[in-house]
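Next one to model:
(chains A and B)
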Amino acid sequence: KNQVEQSPQSLIILEGKNCTLQCNYTVSPFSNLRWYKQDTGRGPVSLTIMTFSENTKSNGRYTATLDADTKQSSLHITASQLSDSASYICVVRRGSTLGRLYFGRGTQLTVWP
Amino acid sequence: DAGVTQSPTHLIKTRGQQVTLRCSPKSGHDTVSWYQQALGQGPQFIFQYYEEEERQRGNFPDRFSGHQFPNYSSELNVNALLLGDSALYLCASSLEWETREETQYFGPGTRLLVL
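Take a look at the predicted model:
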């Protein structure tokens, strides 16, 4: 069964601290994996996208890693800011680039001052 | 350059009613996908439209139908509303042709509450 599991479900950290969010997937065949940031009541915004041959990609303070062998990905946030408070969703595309997307439930991150 | 827009932003309906949600894709995009996102959950794929035809469909009943117009805008229709249809409905647009960096751009969503 094609699934995307994220952990933790929720996370609270202090401003300035780092954190790492996890994503495990069973989607096969694999096309690409992306991380989205979704502010409350808003649509998701893409942070990074990685294909099979890429194992790390950065976007500012966000760094995503991918281990296609173990089917795991992580999103590392450095020097967190209050504006990082959001839901972070892991999305895996199956098959070709036009294949179906499978969404995780997201990790709700709250950054406290 | 306007991004993806959706209307209305919020909507309240009662059980059994019908609703129509609207989406205008990002300029230059020709493919529109609709998602349902229940509170605290990730988005669930409803269907995708390209060239005015439904190209892919998720596990949603026939009460969920859609349409794409020649200008690529799209509508999502839900008939015989149930309480469980209460959710944030997201529209995402993209380009049909394949590219390594292809990305779906999401709209702000329509928050539907069924009473």
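
Run through the neighbouring helices and strands of the worst-scoring helix or strand of chain B on mean pLDDT.
Of the helices and strands making up chain B, the lowest-confidence element is strand B:53-57, at a mean of 86, by mean pLDDT, DSSP states H and E. Under the contact definition 3 or more Cβ pairs under 8 Å, 6 or more residues apart in numbering or on different chains; DSSP states H and E, strand B:53-57 sits against strand B:44-50. Every C-beta, even on glycine, is put in place using the N, C-alpha and C of the backbone.

Next, the angle from the strand it packs on to strand B:53-57.
150 degrees (axes from the mean of the first three to the mean of the last three Cα atoms, to 10 degrees).

quick one: contacts of strand B:44-50?
Taking contacts as Cβ atoms under 8 Å, 6 or more residues apart in numbering or on different chains, the residues outside strand B:44-50 that touch it are A:100-101, A:103, B:30-38, B:54-60, B:64, B:66-68, B:74, B:76, B:96.

Where does pLDDT dip in the chain?
Because you didn't say which chain, this covers chain A. By pLDDT under 70, the weakly predicted segments of chain A are A:96-98.

meant chain B, my bad for not saying
With pLDDT under 70 as the threshold, chain B has low-confidence stretches at B:1, B:96-102.

rerun at 90
Counting by pLDDT under 90, the low-confidence segments of chain B come to B:1-2, B:27-31, B:39-42, B:50-59, B:94-105.

all strands of it, in order?
Remark: strands of chain B, listed N- to C-terminal, are B:5-7, B:10-13, B:19-24, B:31-37, B:44-50, B:53-57, B:64-68, B:74-78, B:87-94, B:105-106, B:110-114; assignment by DSSP state E.
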